[in-house]
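**Student:** sequence and computational prediction follow.
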Amino acid sequence: MKKQIVYIGVVGCVIILLSACAYNIQDYTSAIYANWSIQLSNNYTEVYSTDDGQSFNGDGRRYHVFQYEDKNDITDHLIWKTNKNTIVENQVIEIMNNLDIDGMYLMKFDQTYKYVEKYGGDGSSLFLILIEDMLYVVEEFY
């Protein structure tokens, strides 16, 4: 009887843990908040995602494309820069060149864009690029 109670408790904990992991996988905005302290609206559809593979320390490059039904959901949450910035463009292009990105989802700087850039003390970087209703999330972790 005691073994059954322990078994049920362990199974229950595993189910809760897996549910929490599944929730975090579906909502990448929680990862952005955890890594960068930037709160994004989770009212989006992730249309594309890629990275350069698993690493032990979580370092590497990541690329996500989110589509927002209501652009105000994203524009109201952040202070966006609107000037064309070739330094940011070059940094983002360098990260994208190290990823295998499907051409259909490849961000191009030939359109008007808004952006947010954030840098970590370890040299990590985050770029949020907004083109119309599409948010491109480009990250590099060290």
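**Tutor:** Perfect, I can see it now.
**Student:** now residue 136, what's its secondary structure?
**Tutor:** Classification of residue 136 by DSSP: H, G, I helix; E, B strand; the rest coil places it in strand.
**Student:** pull the number of nearby residues for it.
**Tutor:** 21 (other C-beta atoms under 10 Å). Quick note: C-beta positions are derived from backbone N, CA and C, even for glycine.
**Student:** same thing with the one 3 residues further on?
**Tutor:** Residues within reach of residue 139, counting by other C-beta under 10 Å, total 22.
**Student:** got the contact list for it?
**Tutor:** 35, 61, 62, 63, 95, 124, 125, 126, 127 (C-beta atoms under 8 Å, 6 or more residues apart in numbering).
**Student:** give me that answer again for 10 Å
**Tutor:** The neighbours of residue 139, taking C-beta atoms under 10 Å, 6 or more residues apart in numbering as the test, are 31-32, 35-36, 51, 60-64, 95, 118, 120, 124-128.
**Student:** quick check, it in a strand?
**Tutor:** Yes. The assignment for residue 139 is a strand, going by three-state DSSP.
**Student:** tell me the pLDDT at it?
**Tutor:** pLDDT, residue 139: 96.
**Student:** that one and residue 102, how far apart?
**Tutor:** Noted for residue 139: a distance of 18 Å to residue 102, by C-beta to C-beta, to the nearest Å.
**Student:** try residue 45
**Tutor:** The gap separating residue 45 from residue 102 is 16 Å, by C-beta to C-beta.
**Student:** what is the neighbour count of the residue lying closest to residue 104 once chain neighbours are set aside?
**Tutor:** Leaving aside its sequence neighbours, residue 104 sits nearest to residue 48 (C-beta to C-beta, 6 or more residues apart in numbering; 8.0 Å). Residues lying near residue 48 (other C-beta under 10 Å) number 16.
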